[in-house]
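K.L.:
I would like to see how this sequence folds:
(2 chains)
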Amino acid sequence: MAVRAETRQVRAVRRPAPQRRRLAWGPVVKHGVLLCACGVILFPLFWVLLLSIKSLPDAYTNRIWPHHFDFGSYHRALTTIDTLPQNFRNSIIVTLATMLITTTIAVLAGYALVHLPMPGKGLVLAILVTSLFVPSRVTGLISIWEIQDRLGLINSTWGLILPYQTLALAVSVFIMRGVFETIPKELPESARVDGASSFMILRRIMLPLVRNGVIVVLMTNFIAAWGEWLLANTLTNDQDKRTLTVVMASADAGFGQWVWPNIAAMYVVAIVPGLIAFAFVQRWYMRGLQEGALKG
Amino acid sequence: MASRVATVRPPAVHTVRLTTTRFARTWPYVVPALFFFVGWQLWPIFRALWISFTDFSFLLDASPGSAKWVWFDNYVTAFHDPLVREGLMRAAIFTAIFLPGMVFLPMVTAVLVDRVQNRRLASAYRLILLIPAMIPGPLIFVLWIWMYSNGIGPINYFLVNLLHIYDVTNQPTWLGSTDLTFLSIALMEWWWGLGFHTMFYLAGLATIPKELYESARVDGASEWRIFWKITFARLRPILLVLVVLRFGTAFALIDEYILLGGFNRDRPTYTWTVYMWDTAFQVGDQNRGYAAAVGWIGTLGMLAVVLWLFYLFRNRD
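P.N.:
Presented below is the predicted three-dimensional model:
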């Protein structure tokens, strides 16, 4: 104790005077800039949230803080826009399917690419890396349309699930690869010596260890599929077959059933699931990012 | 001799068998991923290459197979098409506006967040900055169409009604006018990507040992010098990766251009990607052969720049 107190004292004495002066304005600038950034980030979201609970006159006179609140827009949006519940269901279906399938196949592939003696590993990795630099979603769209047409899946909500697998597939595999690489090779090796099959090792030993990475991949695919617009807009035509994002993007905002508070309410409903999910998993998500997801 | 051959042969057979069993035991893990990857990502882009050599028009031909093979006709036409040239140019201009902000703003933010000593505050900043990354892109674009709107948009409400810098007649039209459009879209992209890219830099900053800073300070180096020589030097690899990755996304943007700019050919948002989509799915006979050629020209241009960037960055390190 005495020693520690002494060093503290020594440090206090040694600290040169100019540094104290710098400390006086350093944090102000630092926190000032960061608070400004946070304000800029949060403002549009607060604005749209407020818009969704404004009364009609307040919404159309642009007042930021309304005279009268009206919480009925959420109910009105769901009743006056008759396809909305269906669009919501469509979004949930394609998003859940994409999250589950892509995450599963990315975990399997990431595991094999790191911990199994896979022939052709380098080739698979090289093709996946190259795909990150090719705008295949744009250039391949014409042929994706053709494939879906051949399969009879144009204007089909369920059909969207197939092309959606590739939205974040390469990235997901890389994230899982990065996370699997943090696990020492000796761990599966010793289990293999004990006679465990490679799948048993993945399920029993690996999965609990890469949990955070799986969360990151799940979130990544949720974001990719939930808000996907280009494919859904190109491959479906009827409003009741479309996803929430497409309907909202093509809405004639401001008029009729799409009056501003209604459409803002719809918007809040569209972004809240992701934000709630993030609020719940953020701790593991952040850890997953640090664990090597960012290195992938 | 015979005995030597005998000793050599079994291992050879053994390795072949080992490789096949390795294949059988490991490839099932990657086959599901490859099925979707090849089926809906790799095959489509090469199929588009094939289609680009035909005169396939959706409304005239039953399938690409029944269309006429025209070799490089589409490409020759495209090279003389002012819309293709203009479209590539516009995409390049946007990339040039967008890229510096997208790699440097998060770097500055990351350096600042990294210096926040209070743990709770530091993670609060991280979380708030990450919120836009949890909203899908197209929904971000929808929100910002409203932000920039003249009627409902809060930005012009501030400028006109509260600050009185402009009035209704001369207020900026963020998305409509040609000068501001790209800047408006870039601002939106920065808002969206700030937090996520900050995380990349924070991961890089976390690997810099704190002793480096301390010893530099003891040596009397200025903070500015420390930033350049230690922080920036250590973050450079991340910076270069982000430049290459974001170049790839920026040059091939399409959702934001269609959503924020529509299909007006005079607008700067009518880039090669929008032209491709317009030609393939909307205009005239839906000439998908030509559209595929436009797509491939853009893709090849992009790949060329990516390779050039790789070469440039490798050379310097």
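K.L.:
Just checking, which helix or strand of chain A averages the lowest pLDDT?
P.N.:
In chain A, no helix or strand scores lower on mean pLDDT, DSSP states H and E than helix A:2-14, which sits at a mean of 46.
K.L.:
Beyond that helix, next helix or strand please.
P.N.:
helix A:17-52 (DSSP states H and E).
K.L.:
Check which helices and strands that following helix sits against.
P.N.:
When contacts are defined as 3 or more C-beta pairs under 8 Å, 6 or more residues apart in numbering or on different chains; DSSP states H and E, helix A:17-52 sits against helix A:260-290, helix B:82-114, helix B:119-130, helix B:137-148, helix B:154-156, helix B:181-206. For glycine as for every other residue, the C-beta is placed from the backbone atoms N, C-alpha and C.
K.L.:
OK, contacts around whatever residue of the stretch 151-296 of chain A ends up closest to chain B?
P.N.:
Closest residue of the stretch 151-296 of chain A to chain B, C-beta to the nearest C-beta: residue A:227 (1.8 Å). Counting by C-beta atoms under 8 Å, 6 or more residues apart in numbering or on different chains, residue A:227 makes contact with A:245, A:270, B:135, B:136, B:137, B:138, B:139, B:140.
K.L.:
Then the first one would be within a helix, right?
P.N.:
Yes - when the secondary structure is assigned by DSSP: H, G, I helix; E, B strand; the rest coil, residue A:245 falls within a helix.
K.L.:
my guess is it contacts residue A:91, does it?
P.N.:
Yes - with contact defined as C-beta atoms under 8 Å, residue A:245 reaches residue A:91; the gap is 7.0 Å.
K.L.:
Pull up the overlap in contacts between those two.
P.N.:
When contacts are counted by C-beta under 8 Å, 6+ apart, residue A:245 and residue A:91 have A:226, A:270 as shared neighbours.
K.L.:
residue of the stretch 51-200 of chain B with the smallest distance to chain A?
P.N.:
residue B:136 (1.8 Å).
K.L.:
Would you check how far apart that residue and residue A:106 are?
P.N.:
19 Å (C-beta to C-beta, to the nearest Å).
K.L.:
Of the two, which one has the most company?
P.N.:
Per other C-beta atoms under 10 Å in any protein chain shown, whichever of residue B:136 and residue A:106 has more neighbours is residue A:106, with 29 against 24.
K.L.:
Check the separation of the first and last residues in stretch A:63-83.
P.N.:
One end of stretch A:63-83 to the other measures 30 Å (C-alpha to C-alpha, to the nearest Å).
K.L.:
ah, wrong one, I meant stretch B:31-50
P.N.:
Length of stretch B:31-50, first residue to last, C-alpha to C-alpha: 25 Å.
K.L.:
can that stretch be found next to chain A?
P.N.:
Yes - for a cut-off given as C-beta under 8 Å from any C-beta of the partner chain, stretch B:31-50 has contacts with chain A, namely B:32-34, B:36-37, B:39-45, B:47-48.
K.L.:
Now, those that are in helices?
P.N.:
B:32, B:33, B:34, B:36, B:37, B:43, B:44, B:45, B:47, B:48 (DSSP state H).
K.L.:
and the residue of the stretch 151-300 of chain B found nearest chain A, backbone torsions?
P.N.:
Closest to chain A within the stretch 151-300 of chain B is residue B:252: 3.3 Å, counting by C-beta to the nearest C-beta. Backbone torsions of residue B:252, given as degrees, to the nearest 10, read phi -110, psi 20.
K.L.:
Same check on the one 10 residues further on?
P.N.:
Backbone geometry at residue B:262, expressed as degrees, to the nearest 10, gives phi 70, psi -150.
K.L.:
ok, the nearest residue in space to it that is not next to it in sequence - contacts?
P.N.:
Leaving aside its sequence neighbours, residue B:262 sits nearest to residue B:269 (C-beta to C-beta, 6 or more residues apart in numbering or on different chains; 7.6 Å). Each residue near residue B:269 by C-beta under 8 Å, 6+ apart is listed here: B:90, B:181, B:185, B:256, B:257, B:258, B:260, B:261, B:262.
K.L.:
Pull out the buried members of the residues you listed.
P.N.:
B:90, B:181, B:185, B:256, B:257, B:258, B:260, B:261 (16 or more other C-beta atoms under 10 Å in any protein chain shown).
K.L.:
so what's the first one up against?
P.N.:
Contact criterion C-beta under 8 Å, 6+ apart gives B:268, B:269, B:270, B:271, B:272 as the residues in contact with residue B:90.
K.L.:
Please report how far residue A:161 lies from residue A:50.
P.N.:
Per C-beta to C-beta, residue A:161 is found 36 Å from residue A:50.
K.L.:
Need the buried ones among the contacts of residue B:269 in TSV (columns: pLDDT).
P.N.:
As requested, those are exported to TSV (pLDDT from 0 to 100):
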residue	pLDDT
B:90	94
B:181	91
B:185	94
B:256	91
B:257	93
B:258	92
B:260	89
B:261	87
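K.L.:
Which one of the residues you listed is nearest to residue A:255?
P.N.:
residue B:260 (19.3 Å; C-beta to C-beta).
K.L.:
Count the residues that sit near the residue nearest to that closest one when sequence neighbours are not counted.
P.N.:
Distance criterion C-beta to C-beta, 6+ apart; nearest residue to residue B:260, sequence neighbours excluded, is residue B:175 at 5.4 Å. By other C-beta under 10 Å, 23 other residues sit near residue B:175.
K.L.:
Over to the one 3 residues further on?
P.N.:
Residues within reach of residue B:178, counting by other C-beta under 10 Å, total 11.
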